[in-house]
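Q: A structural model of the following input is requested.
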Amino acid sequence: MRIIHCSDLHLDADLRTRFDAASAAERRAELLGTFRRLCFYAKENAVSAILICGDLFDTGSPSPAAARTVEDLILTCSDILFFYLRGNHDAEPVLFRTRSRPDNLILFDGSWTSWELSGAGSGGRSVCITGREPDSTPFSAPPLDLSCLNIVMLHGQVRDGYTSPDPESVPLSGLRGCGIDYLALGHLHHYRSFALDERGTAAYCGTLEGRGFDECGNCGFILLEIDDAGTHISPRFVPFASRKIYIVECQVTGCTSDTEVYERIARVLSASPASDADLVRLALTGELEYGCSPDPALIQREWEGRYHYFEYRNCARPVVHSEDFLCDATLKGEFVRAVSAAEGLDDAERTMILRCGLRALSGESLF
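A: So this is what the prediction gives:
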């Protein structure tokens with residue numbers, strides 16, 4: 001038997017805080033397309049069930065078109081069971097409001113609910129799916145049949161050593177020793193797996209497709225393979241995103257001219273694993289001498305055509321070596337000495353004033 005554990009798809013997210021309107025619309029379509037590919041993957045690989053551990057949608061009021069697309073996919077995959085519990089983003093029920101809910105879509109509420117699947121193989125143990133949605137009631141351990149192979153679905157942040165009244169908190173102390181073989185978690189957007197207790201394993205599958213630069217690296221789902229006897233679950237992370245997201249850092253300490261900065265940018269981008277299908281943020285790091293002022297527009301024009309999406313951030317710390325001007329008899333030297341002797345400035349303020357002033361005295365742009 002095969003089961004897919006996915007979560008945090010955030011379908012129909014606005015995305016306009018990250019992209020312009022056209023790029024945001026394109027990325028929304030790609031996120032929906034990845035869920036479509038997941039459903040076809042399940043059909044082609046004899047997957048029995050898809051566990052969606054929260055935040056299928058980004059809000060409780062997605063567009064009717066997005067909701068209907070998901071409904072059509074569930075109806076099309078009638079031989080696959082979809083177990084769907086809502087998370088903190090998609091807190092309102094949105095699926096099948098205007099048409100009958102199919103038998104292959106199984107929903108949860110704030111109480112523990114279990115469904116027993118047929119045995120994994122001839123004579124095998126039954127596989128039991130148990131879950132509950134986040135709510136404000138006190139957390140209690142799930143009532144599990146220890147003779148079953150138990151998979152428990154939850155959405156929230158795991159906590160160890162104490163309990164929290166936060167409905168998005170998952171207290172591990174209440175889940176250990178109660179017969180869980182696999183704890184399918186949603187909420188965190190990066191893959192993470194760890195031992196729950198002597199019997200069970202817990203895992204966050206992460207998001208299916210990254211949306212922004214806080215979701216770099218491999219994104220995908222976890223494929224659970226259950227042996228014919230129904231005695232063992234083998235989880236395997238499957239990278240599945242249509243595009244990867246990278247933050248490429250370029251260390252510029254030691255560069256003394258813009259030309260050196262541009263050459264270093266070219267080297268680090270060429271060495272990065274990012275392809276033309278990916279989303280890339282270039283971030284300058286280290287120390288940037290006051291004589292260096294790389295042009296953001298030039299950098300954007302030079303490299304944006306190499307990737308599906310490209311953006312530039314200057315995160316380097318500006319530096320000015322005031323000791324180089326101590327014996328300078330020019331106006332620059334007088335300026336540096338005056339600012340260096342000024343009281344009431346912290347290091348960052350002093351550096352910024354020196355940098356801007358020296359660039360102004362040289363007839364250059366301030367930033």
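Q: which residues in this structure form helices?
A: Assigned by DSSP state H, the helices in the chain fall at 21-44, 64-76, 258-271, 296-303, 331-341, 347-361.
Q: Select, out of these, the one closest to L185.
A: Nearest to L185, of all the helices of the chain, is helix 21-44, at 17.9 Å by Cβ to Cβ. In this view, the C-beta of every residue, glycine as well, is placed from N, C-alpha and C.
Q: what packs against that closest one?
A: In terms of contacts (3 or more Cβ pairs under 8 Å, 6 or more residues apart in numbering; DSSP states H and E), helix 21-44 is packed against strand 2-6, strand 49-53, helix 64-76.
Q: ok now do the spatially most central residue of the chain, which residues does it touch?
A: In the chain, the C-alpha nearest the mean C-alpha coordinate belongs to E215, at 3.2 Å (Cα atoms, centre = their mean). Residues touching E215, when contacts are defined by Cβ atoms under 8 Å, 6 or more residues apart in numbering, comprise 189-190, 207, 245.
Q: and among the helices and strands packed on helix 21-44, the most buried is which?
A: Ranked by average neighbour count under the criterion mean count of other Cβ atoms under 10 Å, those are headed by strand 49-53 at a mean of 26.
Q: May I have it as CSV, with CA atoms only?
A: Presented in CSV, the C-alpha positions along strand 49-53 are these (Å, rounded to 0.1, in the frame of the first residue of the first chain):
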residue,chain,number,x,y,z
ALA,A,49,-4.7,7.7,-0.1
ILE,A,50,-3.5,11.3,-0.1
LEU,A,51,-3.1,12.9,3.4
ILE,A,52,-3.4,16.7,3.3
CYS,A,53,-2.3,18.0,6.7
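Q: for that strand, the distance to its chain's centre please.
A: Using Cα atoms, centre = their mean, to the nearest Å, the distance from the centre of strand 49-53 to the centre of the chain it belongs to is 18 Å.
Q: try stretch 202-216
A: Centroid separation for stretch 202-216 versus its chain: 3 Å, with Cα atoms, centre = their mean.
Q: next one: stretch 142-152
A: Computed by Cα atoms, centre = their mean, the chain-centroid distance of stretch 142-152 equals 30 Å.
Q: Figure out which of the helices of the chain is closest to L172.
A: Of all the helices of the chain, helix 21-44 sits nearest to L172, with 28.2 Å by Cβ to Cβ.
Q: Pull out the buried positions in that closest one.
A: Buried residues in helix 21-44, counting neighbours by 16 or more other Cβ atoms under 10 Å, are found at 24, 27-28, 31-32, 34-35, 38-39, 41-42.
Q: Kindly present those as a markdown table, with separate columns for distance to P171 and pLDDT.
A: Conversion of these to a markdown table gives the following (distance: Cβ to Cβ, whole Å; pLDDT from 0 to 100):
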| residue | distance to P171 | pLDDT |
| --- | --- | --- |
| A24 | 37 | 86 |
| R27 | 35 | 90 |
| R28 | 35 | 91 |
| L31 | 31 | 95 |
| L32 | 34 | 96 |
| T34 | 32 | 96 |
| F35 | 30 | 97 |
| L38 | 30 | 98 |
| C39 | 33 | 97 |
| Y41 | 33 | 98 |
| A42 | 32 | 98 |
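Q: I222 touches P235, doesn't it?
A: Yes: taking contact to mean Cβ atoms under 8 Å, the distance of 5.2 Å between I222 and P235 places them in contact.
Q: who's more crowded, the two?
A: Neighbour comparison, I222 and P235: the larger count goes to I222, with 23 against 17 (by other Cβ atoms under 10 Å).
Q: and the more buried one, bridged to which residues?
A: H5, F237 (DSSP bridges).
Q: That one: what's it in contact with?
A: Going by Cβ under 8 Å, 6+ apart, I222 touches 4-6, 184, 191, 203, 205, 235-238.
Q: what do you get for P134?
A: For P134, the contact set (Cβ under 8 Å, 6+ apart) comprises 54, 87-88, 110, 155-156, 167-168.
Q: on that earlier part again, counting neighbours, which of the contacts of E215 comes out on top?
A: The most neighbours, when those are compared by other Cβ under 10 Å, belong to T207, which has 25 neighbours.
Q: residue contacts, R264?
A: 250-252, 255.
Q: can we see that at 10 Å?
A: Under the criterion of Cβ atoms under 10 Å, 6 or more residues apart in numbering, the contact list for R264 reads 250-255, 284, 286, 294.
Q: buried subset of those residues?
A: The neighbour count (16+ other Cβ under 10 Å) marks 250, 252, 255, 284, 286, 294 as buried among those.
Q: Pull the most distant pair out of these.
A: Across these, the two members that end up farthest from each other (Cβ to Cβ) are G286 and P294, 12.6 Å apart.
Q: shared neighbours of the two, anything?
A: With the criterion set as Cβ under 10 Å, 6+ apart, the overlap between the contacts of G286 and P294 is 250, 252, 255, 264, 316.
Q: could these go into JSON lines alongside pLDDT and distance to I50?
A: Formatted as JSON lines, those follow (pLDDT from 0 to 100; distance: Cβ to Cβ, whole Å):
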{"residue": "C250", "pLDDT": "97", "distance to I50": "41"}
{"residue": "V252", "pLDDT": "96", "distance to I50": "46"}
{"residue": "C255", "pLDDT": "92", "distance to I50": "50"}
{"residue": "R264", "pLDDT": "97", "distance to I50": "45"}
{"residue": "A316", "pLDDT": "91", "distance to I50": "45"}
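Q: No further queries at this time; thank you.
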